[in-house]
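Q: sequence unknown, structure follows:
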């Protein structure tokens, strides 16, 4: 998969992936100027498609269809859109801090200002679920989210996201 947002496989069989294996430094949008869930998903789809050699309209449509099944906003201002994608070889993530919170149909009815997108190959199995579980735990860490919200640059946002220890099994 072309682009610098590709991820490495774990170095050892059975060793967990780290967030910096999934989120490349250029897979960060520090101040996304979106005013709706649709705009957020479209912007993330375009960024990911460009880096991963995917069709941006197809990726957007997959993300939109996933949201129709139920919102990926998990509360506390965080959404974790996640889909399996045809043509993707490895787990890839993106993070965006929104300039202004947007309605994402969250379970707690609060607008979202942090979006962590996870794309997985169609054949993804347990590792995909472990990463989703870890991202969910990270999103519930109020201190960590406050740090992410306070980052003004993409570099700072990436560093704050990836300073975490290895992903742990769910």
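A: That came in fine, so what should we check first? These numbers come from a predicted model, not from an experiment.

Q: buried sites along the helix or strand where residue 130 lies?
A: For residue 130, the enclosing helix or strand under DSSP states H and E is helix 126-139. Neighbour-count burial for helix 126-139 flags 127-128, 130-132, 134-135, 138-139 (criterion: 16 or more other CB atoms under 10 Å). Any C-beta I mention is one placed from the backbone N, CA and C, and that applies to glycine too.

Q: which strands and helices sit next to it?
A: strand 112-121 (3 or more CB pairs under 8 Å, 6 or more residues apart in numbering; DSSP states H and E).

Q: average pLDDT for the strand it packs on?
A: Computed over strand 112-121, the mean pLDDT rounds to 96.

Q: Equivalent analysis for stretch 140-151, please.
A: For stretch 140-151, the per-residue pLDDT averages 93.

Q: before we move on, what about stretch 79-96?
A: The model assigns stretch 79-96 a mean pLDDT of 93.

Q: Would you mind measuring the gap between the ends of it?
A: 10 Å (CA to CA, to the nearest Å).

Q: Among the buried residues of helix 126-139, which one sits closest to residue 55?
A: residue 128 (21.2 Å; CB to CB).

Q: The closest residue to the closest one other than its chain neighbours: how many residues sit nearby?
A: Nearest non-adjacent residue to residue 128, counting by CB to CB, 6 or more residues apart in numbering: residue 120, 4.3 Å away. Residues near residue 120, counting by other CB atoms under 10 Å, number 22.

Q: Return the residues in contact with residue 120.
A: For residue 120, the contact set (CB atoms under 8 Å, 6 or more residues apart in numbering) comprises 82-85, 88, 91, 128.

Q: Try it again at 10 Å.
A: 22, 82-85, 88, 90-93, 127-129, 131-132 (CB atoms under 10 Å, 6 or more residues apart in numbering).

Q: Residue 29 contacts residue 95, correct?
A: Yes. At 7.4 Å, residue 29 and residue 95 qualify as touching, with contact defined as CB atoms under 10 Å.

Q: Counting neighbours, go ahead and name the busier of these two.
A: Using other CB under 10 Å as the criterion, residue 29 and residue 95 rank with residue 95 on top: 25 against 21.

Q: host element of the more buried one?
A: Assigned by DSSP H and E, residue 95 falls in strand 92-102.

Q: Quick one: list the elements packing against that strand.
A: helix 19-22, strand 28-32, helix 37-52, strand 78-79, strand 112-121, helix 126-139, helix 142-150, helix 154-162 (3 or more CB pairs under 10 Å, 6 or more residues apart in numbering; DSSP states H and E).
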